[in-house]
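> let me see the structure of the following:
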Amino acid sequence: MISSMTGFGAAEGSVGNARASVEIRTVNHRFFSPNLKLPGAFARWEGEIRELLRQRIARGHLTLTARIDRPVASGSVIDEGRLAQYAAVLKELQKKHSLGGEVDLATVLRLPDVVTAPSEEMDAAAGEALAAIVVKAADNLMAMRRAEGALLAAFLLERVAAVESRLARIETRAPIRLKEQHERVKRTVSELIGGAGGDPQRISQEIAILADKLDVAEELDRFRSHLAAFRETAQSKTADPVGKRLGFILQEMVREANTIGSKANDAQIQEDVIAMKEELERIREQVENLE
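Okay, the predicted model is just below:
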């Protein structure tokens, strides 16, 4: 199913004796571009997490932020000697500079290295628990990307229908315009040669060459084919990303539109070509957001 490259997913769970939370955000990018922000306790699993995400997300700039919340009573140790030193120094400074107030315990406990945290080392089981949380957050992210992708697909199909409407007008007008041009050239040639005569076969050849230069039938056929391929891809239920393929098809449609416009030599067709190109630009803006 078509997916957007913009999304958000979050999950949390237990990792060892701690609580961990993971948030993943993605925005559009030509390639898979991960940025992982992990606490020190999780740093050893950065490679595994990166690969896990790569397997699920094909394109997009991804930012993963993980946090760890340890219980207060998890083995923290108070360095009483350092606490006493800090308290003595603070009281001396208070006396020396005639400072008011009291030196309380809470103030001293917040000073560096008074409270020693337990080791952040975690075992392999903690790594597996973290991976499970990341997978859940990634699944939530993908669900949001698919939901937005469905909305984008509906928008793209509406724009494709608008392009087809303009293309149908051109298909109706093109043979009429070609016949008009053919007659105009014949009249012009007749006026130029006047009564001097001329080679009728040569004149017919020149008219045929000019008519071929103005004929857009092949471009219209190819445009129809590209539109069909675009619609089929946008409605595809494949698990593979389709954003790049849609982008390539769109490039071909723009190329055909430019060729039709350059060969048109007709105000009505030019108007429809401009309208088509406006719609194609709207499509391009949204295709860039697809995975």
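
> now do the strands in the protein.
Applying DSSP state E to the chain gives strands spanning 7-15, 18-27, 32-37, 60-69, 77-78, 115-116.

> longest helix in the protein, by residue count?
Assignment by DSSP state H gives helix 124-193 as the longest helix of the chain.

> coming back round to it: can I get the strands of the chain in CSV including mean neighbour count?
Backbone N, C-alpha and C define where each C-beta goes, glycine included. Formatted as CSV, the entries for the strands of the chain read as follows, by neighbours: other CB atoms under 10 Å:
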stretch, mean neighbour count
strand 7-15, 18
strand 18-27, 20
strand 32-37, 15
strand 60-69, 19
strand 77-78, 11
strand 115-116, 14
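
> to Glu271, which of those lies closest?
strand 18-27 (36.7 Å; CB to CB).

> residues making contact with that closest one?
Counting by CB atoms under 8 Å, 6 or more residues apart in numbering, the neighbours of strand 18-27 from elsewhere in the structure are 5-14, 41-42, 53, 57, 60-71, 74, 129-130, 133-134, 136-138, 141, 145.

> re earlier: just so I know, which of the strands of the chain lies nearest Lys95?
The closest of those to Lys95 is strand 77-78. By CB to CB, the value is 24.9 Å.

> quickly, which of the strands of the chain bottoms out on average pLDDT?
When mean pLDDT is averaged over each of the strands of the chain, strand 115-116 scores lowest at a mean of 72.

> what's it packed up against?
In terms of contacts (3 or more CB pairs under 8 Å, 6 or more residues apart in numbering; DSSP states H and E), strand 115-116 is packed against strand 77-78.

> what is the strand it packs on packed up against?
strand 115-116.

> so what strands line up beside the strand it packs on?
Each strand pairing with strand 115-116, determined using DSSP bridges, is listed with its direction: strand 77-78 (antiparallel).

> distance from the chain centre to the strand it pairs with, please.
With CA atoms, centre = their mean, to the nearest Å as the basis, strand 77-78 stands 49 Å off its chain's centre.

> can you list contacts of it?
By CB under 8 Å, 6+ apart, strand 77-78 touches 109, 114-116, 118.

> let's see that with 7 Å instead.
With contact meaning CB atoms under 7 Å, 6 or more residues apart in numbering, strand 77-78 is reached by 114-116.

> return the member of the residues you listed nearest to Glu279.
Proximity of the contacts of strand 77-78 to Glu279 (CB to CB) peaks at Val115, which lies at 63.8 Å.

> how about stretch 82-98: buried residues?
Of the residues in stretch 82-98, those with enough neighbours to count as buried (16 or more other CB atoms under 10 Å) are 82-83, 86-87, 90.

> meant to ask about stretch 229-244, not that
For stretch 229-244, the buried set under the neighbour-count rule, 16+ other CB under 10 Å, comprises 229-231, 233-234, 241-243.

> quick one: those residues as a markdown table, columns for distance to Arg25 too.
Output for the buried residues of stretch 229-244, formatted as a markdown table (distance: CB to CB, whole Å):
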| residue | distance to Arg25 |
| --- | --- |
| Ala229 | 32 |
| Phe230 | 29 |
| Arg231 | 31 |
| Thr233 | 27 |
| Ala234 | 25 |
| Pro241 | 18 |
| Val242 | 22 |
| Gly243 | 18 |
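
> least confident pick among those?
In this model, the minimum pLDDT among the buried residues of stretch 229-244 belongs to Pro241 (88).

> what about that one, distance to Leu290?
Taken as CB to CB, to the nearest Å, the spacing of Pro241 relative to Leu290 amounts to 8 Å.

> for Glu171, same thing?
Between Glu171 and Leu290 the computed distance is 29 Å (CB to CB).

> so between the two, which is more surrounded?
Legend: neighbour count by other CB atoms under 10 Å for Glu171 and Leu290, higher for Leu290 (26 against 17).

> spit out the contact partners of the more buried one.
2-5, 149, 152, 242-243, 246.
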